[in-house]
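fold the stuff below for me.
(one chain, ligands or ions: 1)
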Amino acid sequence: METRSFLTNSDAHSLPRIAREYNKMLVEDISFKEIVKAIKNQDGRRILANYGLDPKLGKYHRSFCEDCNDSIEITEAATTCPRCGGVNITFGVFDRIELIKDKKESKSPKHRPPYIYQVPLTFIPGVGGKTIDKLLDNFETEMNILHKVSQDDIEAVVGEKIASNIINATNGKAKVHSGGGGVYGKVSL
Ligand SMILES: [Zn+2]
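Prediction:
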């Protein structure tokens, strides 16, 4: 089974969101031949990491009470609303998995690469369109800003407050209110 690889790919509804999901590959050059080898885990080529939107931020992560107009963040699967007791619920992915799973913990094959959660810039408090334009002018891609550029370098472009928001959000220090019912999750710092 080691010829099967875990991949994370964007469905690319819009260009600015195309790198919300992507794969980091070990290849010798950028060619289709090398990419095929990496996907098949051949000759030392392989997938090094999967990157994807933090699932909590997804539009259907948790069950959502249509009457309270908010997602439900209890630890078990939510089939009724603990706030109003109602059953007018749009089911969440997490809740569905909790209900149908037949093992206590998920087990990944040994060759599975790490899955790195991403908090896109548009989700980070204080980061608006103008700030994103400035950051992209300086660092070219959102992938660079979220995973490579140092806090000092970001600070030099957008100031201390926004830089620390970006670093905290990308380090997993932010609080995330789960998305549900077609509404994205929210980051607070
Ligand atoms: Zn409710």
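
show me which residues of this structure are close to the ion?
65, 67, 68, 81, 83, 84, 86 (CB under 5 Å from the ion). Backbone N, C-alpha and C define where each C-beta goes, glycine included.

show me what the top strand by length along the chain is packed against.
If you go by DSSP state E, the chain has its longest strand at strand 46-53. Using 3 or more CB pairs under 8 Å, 6 or more residues apart in numbering; DSSP states H and E as the contact test, the elements touching strand 46-53 are strand 22-26, helix 32-40, strand 115-118.

rebuild these as JSON lines, extending it with mean neighbour count, mean pLDDT and distance to residue 59.
Converted to JSON lines, those look like this (neighbours: other CB atoms under 10 Å; pLDDT from 0 to 100; distance: least, CB to CB, whole Å):
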{"stretch": "strand 22-26", "mean neighbour count": "17", "mean pLDDT": "96", "distance to residue 59": "19"}
{"stretch": "helix 32-40", "mean neighbour count": "15", "mean pLDDT": "96", "distance to residue 59": "28"}
{"stretch": "strand 115-118", "mean neighbour count": "16", "mean pLDDT": "94", "distance to residue 59": "15"}
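
list the contacts of the residue positioned nearest the centre of the chain.
Centroid-nearest residue in the chain: residue 53, 1.4 Å away (criterion: CA atoms, centre = their mean). By CB atoms under 8 Å, 6 or more residues apart in numbering, residue 53 lies in contact with 20, 21, 117, 118, 120.

mind redoing it with 6 Å?
Counting by CB atoms under 6 Å, 6 or more residues apart in numbering, residue 53 touches 20, 118.

break the chain down into its structural domains.
1-53, 56-109, 120-173 (automatic domain parsing).

what's the least confident stretch among the ones you listed?
Among those, domain 1-53 carries the lowest mean pLDDT, at a mean of 91.

filter the residues of the chain next to the ion down to the buried ones and hand me the PyMOL line.
PyMOL command restricting those to the buried ones, with burial defined by 16 or more other CB atoms under 10 Å:
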select buried, resi 65+81
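
which of the residues of the chain next to the ion fall within strands?
residue 65.

so what strands line up beside the longest strand of the chain?
strand 22-26 (antiparallel), strand 115-118 (parallel) (DSSP bridges).
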